[in-house]
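Student: Next input, structure requested:
(2 chains)
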2 protein chains.
Amino acid sequence: MSIRDLARHLDISIGTVSRALNGKADVNQETRERVLEAAKRLGYVPNQSGRSLRQGTTNTIGFMIESTIETVDTGGSFFMPVFEGVQSVFRRHHLDLVALLCGTDEEPAAYLNRVVARRFVDGLIISATTRHDPRIDFLLERKIPFITLGRSETTGDYPWIDLDFEGVATAAVERLAGLGHSRIAIAVPASDINLGYIFLDAYKQALAANGIAFNPDYVFRSYANEEGGYQIAGAVLAQRQTPTAIILVNENMALGLYRRFYESDIHPGRNIAVIGFRESIQSRFLSPTLTCFRISLRDLGIKLAESLLSTMPAYEEHYPHEKVELIWPLELVPGESDQGEL
Amino acid sequence: MSIRDLARHLDISIGTVSRALNGKADVNQETRERVLEAAKRLGYVPNQSGRSLRQGTTNTIGFMIESTIETVDTGGSFFMPVFEGVQSVFRRHHLDLVALLCGTDEEPAAYLNRVVARRFVDGLIISATTRHDPRIDFLLERKIPFITLGRSETTGDYPWIDLDFEGVATAAVERLAGLGHSRIAIAVPASDINLGYIFLDAYKQALAANGIAFNPDYVFRSYANEEGGYQIAGAVLAQRQTPTAIILVNENMALGLYRRFYESDIHPGRNIAVIGFRESIQSRFLSPTLTCFRISLRDLGIKLAESLLSTMPAYEEHYPHEKVELIWPLELVPGESDQGEL
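Tutor: Numbering: from 1, shown residues only, chains lettered A, B, ... in the order given. Predicted coordinates:
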């Protein structure tokens, strides 16, 4: 499938097809869409190697994710819908998304260095930012367009989007305090991932704002998955003075927590209030349903993609340049898991 | 970081470093490992564009996955551990894995055509094979090294690995028949994915082998996820003569199925026997625990990677050429969900 075949198929001149594919302004919207749609459907690709050398572009954007022992089983359920949103934007511009998988044994900065040297991406979305993230300095220095999913204390002129961990912790504490709870526990990751600190700090502040003393015995740490939830439930039950409520930093903890409680005949929503983090397909089918927070991961992906493209001159016609520094809100979804009497 | 810097850092000659990086046989094992380890740690990458043009290689392997409405929430939990296994092999050879994400709106064959034209992968792993898969013909014709995860009726000289769906269906029916069940239902995907047909056929054969008549009313179709399990449980309960056991083609169905049964005060393992498909971190924390089948997805990833490399001349020193056509067995993990009395 050459550009000549594509033009013949559409009965449009080669010049017009070429201008449409290259996003020139002098092609009307309808024609552009017809050309892009046909190019996609028929699998047309510009002579890529020649084009890359000429224009220095690959029409490929990388999304770097890290697998860790904790997330290897569950991380996919977060990222797949985000990817879907990112792709829905890239598709308009004939861009492809590749997921760059930094393995568990791999140093993220060295991995990124290598990916960049391979030169097959025009831009990057990076996730799992650390407090001080050398990848940010590296990408700024190389002038490679990127956006981060996750905040960092590394400074510089770059766009980022992060989830509103503070908002979730605050709303959860307020809701439980409003239901009369004062023995409110929190489950955070045992790892030193930045979001764990953010979540714990916000929880402490919200306790103070509601006149509840912070009790370090009520901070439980484990894996951010089902196994971690199971362990934490055991630790909660082992407390001399058992908390009456618990807030989870990760929704995957809920299933294990429920299971461990059931083994001791403790029923979430009846004997202990539970608030999870992100609403997932699972949280709706747990018994009792989990009180948690809603986020459209697809919309998050769309915003990540559009914000990245707004930093790339080739797309500023579509996405005027803006510096995105965005805390993404989550919306409370009341379930049955925190509705018991005290 | 140039090769000169790397050689200086290691205090080894540039020639030796170069030979070690290029996998030449005249470098001893210990030195090779030191060089590769340092190259990885320091993020050294050979001058990729020059190298690619000279050798026609990119040192990048693509793994194509498709997101569908059904799998967007759950597919990641399957693929992430597989990727981890694939990477553990590629790492030894300084190869990177990228996940190629074919979006829901995208024609898989056209997508693959485009990826190949972009020329940033040396080889491919493709999943979600269809009965007749044009991607296989395309890759064979272009002589691009690849392996499929999933069988297809498209013929040709190519390696594949697939899960043993027949073995699972057969073992599940035999187990339930042995426990005295004869009203055994099955839950299969509503889509026309090949594995659904394989699973259903094997179920029918196993019923016959156990002297049980096939009842078309006991075949339930829905989404291969929590939502689908919920719907199917409702349909099971609506049957005039309720099945006493059900086999699920997908483990994610279990949570929704459990929830719907609980709403009608039906307890898996007490009032109805349930056998799930793949053991997951979830299946162990369900109450009751799910009887299901174990597979190491990491080992599956390792075998996929090694089988692919065995078809690539550059790696035949490490992986002697073999034609892999492999049905991957799964091992029964008894749980509590099928232990009730009839």
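
Student: From residue A:314, how far out is residue A:77?
Tutor: Separation of residue A:77 from residue A:314 (CB to CB, to the nearest Å) stands at 33 Å. C-beta coordinates here come from the backbone N, C-alpha and C atoms, glycine included.

Student: Tell me which of those two has more neighbours.
Tutor: Neighbour count, other CB atoms under 10 Å in any protein chain shown: between residue A:77 and residue A:314, residue A:77 has more, with 24 against 17.

Student: That one contacts residue B:77, doesn't it?
Tutor: Yes - counting by CB atoms under 8 Å, residue B:77 is a contact partner of residue A:77 at 5.8 Å.

Student: Please, where are all the helices along the stretch 51-200 of chain A?
Tutor: Using DSSP state H, counting those that start in this stretch, the helices of the stretch 51-200 of chain A run over residues A:75-90, A:108-118, A:134-142, A:165-178, A:194-209.

Student: Residue A:322: how many residues sit nearby?
Tutor: Around residue A:322 there are 12 residues (other CB under 10 Å).

Student: returning to that earlier point: deepest of the helices of the stretch 51-200 of chain A, which one?
Tutor: Highest mean neighbour count of the helices of the stretch 51-200 of chain A: helix A:75-90, a mean of 23 (counted as mean count of other CB atoms under 10 Å in any protein chain shown).

Student: Can you list the helices and strands that that helix packs against?
Tutor: Packed against helix A:75-90 by the contact rule (3 or more CB pairs under 8 Å, 6 or more residues apart in numbering or on different chains; DSSP states H and E) you find strand A:60-66, strand A:96-102, helix A:297-309, helix B:75-90.

Student: Looking at the ones you listed, which is nearest to residue A:221?
Tutor: Closest to residue A:221 of those is strand A:60-66 (CB to CB; 20.1 Å).

Student: helices or strands up against that closest one?
Tutor: Against strand A:60-66 (3+ CB pairs under 8 Å, 6+ apart) you get helix A:75-90, strand A:96-102, helix A:108-118, strand A:123-127.

Student: cutoff 6 Å now
Tutor: Using 3 or more CB pairs under 6 Å, 6 or more residues apart in numbering or on different chains; DSSP states H and E as the contact definition, the elements that strand A:60-66 packs against are strand A:96-102, strand A:123-127.

Student: So for the longest one, mean pLDDT?
Tutor: I take that to be strand A:96-102. Across strand A:96-102, pLDDT averages out at 91.

Student: how is chain A carved up into domains?
Tutor: A:3-46, A:60-162+A:296-328, A:165-295 (automatic domain parsing).

Student: Compare the mean pLDDT across those and name the weakest.
Tutor: Minimum mean pLDDT among those: domain A:3-46, a mean of 78.

Student: roughly how far is it from the heart of the chain?
Tutor: The chain centroid and the centroid of domain A:3-46 are separated by 34 Å under CA atoms, centre = their mean, to the nearest Å.

Student: what's the answer for stretch A:318-330, then?
Tutor: In terms of CA atoms, centre = their mean, the centre of stretch A:318-330 is found 14 Å from the chain centre.

Student: buried stuff in it?
Tutor: For stretch A:318-330, the neighbour count (16 or more other CB atoms under 10 Å in any protein chain shown) marks A:319, A:324, A:326, A:328, A:330 as buried.

Student: got it, and stretch A:183-190?
Tutor: Neighbour-count burial for stretch A:183-190 [16+ other CB under 10 Å]: A:183, A:184, A:185, A:186, A:187, A:188, A:189.

Student: surely the fourth one meets residue A:247?
Tutor: Okay, so that is residue A:186. Yes - assessed by CB atoms under 6 Å, residue A:186 is found in contact with residue A:247 at 5.0 Å.

Student: So residue A:321 versus chain B, what's the distance?
Tutor: To chain B, residue A:321 is 27 Å away according to CB to the nearest CB, to the nearest Å.

Student: Just confirm that residue is within a helix.
Tutor: No - secondary structure of residue A:321, determined by DSSP: H, G, I helix; E, B strand; the rest coil: coil, with no helix assignment.

Student: out of everything not next to it in sequence, what's closest to it?
Tutor: Closest residue to residue A:321 apart from its sequence neighbours, by CB to CB, 6 or more residues apart in numbering or on different chains: residue A:310 at 5.5 Å.

Student: burial of the one you found, as a residue count?
Tutor: When neighbours are counted by other CB under 10 Å, residue A:310 comes out with 19.

Student: swap in residue A:211?
Tutor: 8.

Student: Spell out which parts of the stretch 151-300 of chain A neighbour chain B.
Tutor: A:226, A:255, A:256, A:259, A:262, A:281, A:282, A:285, A:287 (CB under 6 Å from any CB of the partner chain).
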